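>>> dropping a prediction and its sequence here:
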Amino acid sequence: MMLKERLAALKKRIPPQTCLIAVSKTHPASSILEAYACGQRVYGENKVQELCAKQEELPGDIEWHMIGHLQSNKVKYIAPFVALIHGVDSLKLLKTIDKEGRKNKRIIPCLLQVHIAEESSKFGFSPEELREMLAAGAWQELEFVEVRGLMGMATFTEDKAQVQREFHSLKVLFDEVKERYFADSSDFKELSMGMSDDFELAIEAGSTMVRVGSALFGARDYNL
């Protein structure tokens with residue numbers, strides 16, 4: 001199946017109100033241009049160096065999302081252009097993004113990453129850490145970041161019920177945080193969860209953004 005056909009098939013499975021983020025990490029610019037020619041404008045990368053290189057090379061109307069773990073010392077490279085940072089997992093990182101947003105005179109949209117999986121390798125706030133950070137209130141003083149919602153990754157497992165539970169738990173937390181801290185913000189509306197193997201379960205649970213790579217571009221070439 002050609003990329004054009006895979007993209008069309010994916011869009012039939014994703015409701016129009018859910019944003020498809022084409023995860024282009026390790027895939028060449030030519031593949032992105034192929035999807036771009038079919039109308040896909042939102043792409044996700046998980047390494048800053050690769051994200052910056054592609055941003056310079058590819059059309060200016062592409063919306064770039066940073067979906068991987070982001071180190072504080074790398075924020076400055078993507079601050080001028082990034083459309084959304086998905087993986088904010090500490091107040092320290094939020095403060096760094098704010099500082100770089102100020103330098104670039106732009107408010108940088110972010111999602112707070114929550115650890116919902118049973119795998120210890122995943123990053124993110126625990127639900128209790130997130131509640132504590134929000135309750136402390138220091139984040140409200142940051143003028144150049146805008147918290148748009150939450151992000152999480154389910155356990156990589158074939159246990160469908162477990163994945164459903166984890167997505168549901170994040171949606172419940174999202175609703176709680178929205179009501180308690182962002183009731184007056186129309187911008188706090190994004191729940192980024194779901195990847196190639198589980199995005200339909202994520203959509204059922206209330207995801208507004210799905211991050212799909214291999215189902216669109218095929219297997220990754222890790223030698224790039």
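Looks like it came in fine.
>>> which residues of this structure fall in helices?
Per DSSP state H, the chain carries helices over the ranges 3-13, 29-37, 48-57, 75-78, 91-104, 127-136, 160-181, 199-205, 214-217.
>>> make CSV out of these and add distance to residue 114 and mean pLDDT.
Where you see a C-beta, it was placed from the backbone N, CA and C, and this is true even at glycine. Formatted as CSV, these follow (distance: least, C-beta to C-beta, whole Å; pLDDT from 0 to 100):
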stretch, distance to residue 114, mean pLDDT
helix 3-13, 25, 95
helix 29-37, 29, 96
helix 48-57, 22, 98
helix 75-78, 20, 98
helix 91-104, 14, 98
helix 127-136, 6, 97
helix 160-181, 6, 97
helix 199-205, 13, 98
helix 214-217, 24, 93
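>>> turn these into JSON lines, including distance to residue 19.
Listed next are these as JSON lines, based on distance: least, C-beta to C-beta, whole Å:
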{"stretch": "helix 3-13", "distance to residue 19": "11"}
{"stretch": "helix 29-37", "distance to residue 19": "14"}
{"stretch": "helix 48-57", "distance to residue 19": "18"}
{"stretch": "helix 75-78", "distance to residue 19": "19"}
{"stretch": "helix 91-104", "distance to residue 19": "21"}
{"stretch": "helix 127-136", "distance to residue 19": "22"}
{"stretch": "helix 160-181", "distance to residue 19": "15"}
{"stretch": "helix 199-205", "distance to residue 19": "11"}
{"stretch": "helix 214-217", "distance to residue 19": "14"}
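>>> list the contacts for residue 174?
By C-beta atoms under 8 Å, 6 or more residues apart in numbering, residue 174 lies in contact with 149-150, 191, 206.
>>> what subset of those is buried?
Burial by neighbour count, 16 or more other C-beta atoms under 10 Å: within these this picks out 149-150, 191, 206.
>>> output stretch 129-137 as CSV, nothing but the C-alphas.
The C-alpha trace of stretch 129-137 is given here as CSV (Å, rounded to 0.1, in the frame of the first residue of the first chain):
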residue,chain,number,x,y,z
GLU,A,129,2.9,14.8,41.4
LEU,A,130,0.8,16.6,38.8
ARG,A,131,-1.8,17.6,41.4
GLU,A,132,0.9,18.8,43.8
MET,A,133,2.7,20.9,41.1
LEU,A,134,-0.6,22.5,39.9
ALA,A,135,-1.7,23.1,43.5
ALA,A,136,1.5,24.9,44.4
GLY,A,137,0.7,27.5,41.7
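>>> name the residues that touch that stretch?
Counting contacts by C-beta under 8 Å, 6+ apart, the residues outside stretch 129-137 that touch it are 91, 112, 114, 125, 139, 173, 177, 180-181.
>>> try 6 Å this time
Applying C-beta atoms under 6 Å, 6 or more residues apart in numbering, the external contacts of stretch 129-137 come out as 91, 114, 181.
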